[in-house]
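Visitor: with the sequence up front, the predicted model follows.
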Amino acid sequence: MENQCSQIMMFRSKLKSKLDPMRYEHSLSVSFTCLNLAMCHGYDMDRAELAGLMHDCGKRYPDEVILKKCNKHGIELSESELETLPVIHAKYGAWLAEKSIILWTGRFWMPSAATPQAGLR
């Protein structure tokens, strides 16, 4: 459990250095909300907190830059996503979160995978 806490703290620190202060505070608040919801509903709290922290990691760039990054990394976008660029941060963010987790930890880290309540449903 202590190792998971230290990794969550490491994710917080990394995000704080990469996001603007308001976006970081928003992500931190969402992570606390996710943590509380997970606690109330029997979901894995560490995974919920991580999901909340990382949910907006793709919003650090303007839409046009995100579009270029999606094209560069082969992230497929639907016609409706291309028509409404403000939504593509979610798809890019999912890709970025997975890559960041691997980069920051050296593996795809998902906390508490062995617990009975593991996984977000």
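Guide: Looks like it arrived, so ask away.

Visitor: C-alpha only now, for contacts and for neighbours.
Guide: Noted.

Visitor: tell me the centre residue of the protein?
Guide: Using Cα atoms, centre = their mean, the residue of the chain that lies closest to the mean C-alpha position is M54, 1.9 Å off.

Visitor: can you pull the contacts of that one?
Guide: With contact set as Cα atoms under 8 Å, 6 or more residues apart in numbering, M54 has these partners: S27, G93, A97.

Visitor: the last one: what's its closest spatial neighbour, skipping adjacent residues?
Guide: Using Cα to Cα, 6 or more residues apart in numbering and skipping the chain neighbours, the partner closest in space to A97 is M54 (6.2 Å).

Visitor: with the first one instead?
Guide: Of all residues beyond its chain neighbours, the one nearest S27 is L53 (5.0 Å), with distances taken as Cα to Cα, 6+ apart.

Visitor: report the contact partners of the one you found.
Guide: For L53, the contacting residues are F11, R12, L15, S27, L28, V30, S31, taking Cα under 8 Å, 6+ apart as the criterion.

Visitor: can you flag the buried ones in the contacts of M54?
Guide: Buried members of the contacts of M54, counted by 16 or more other Cα atoms under 10 Å: S27, G93, A97.

Visitor: need the residues you listed in a markdown table with secondary structure, pLDDT and distance to C40, can you?
Guide: Putting the buried ones among the contacts of M54 into a markdown table (DSSP: H, G, I helix; E, B strand; the rest coil; pLDDT from 0 to 100; distance: Cα to Cα, whole Å) gives the following:
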| residue | secondary structure | pLDDT | distance to C40 |
| --- | --- | --- | --- |
| S27 | helix | 94 | 20 |
| G93 | helix | 90 | 27 |
| A97 | helix | 85 | 25 |
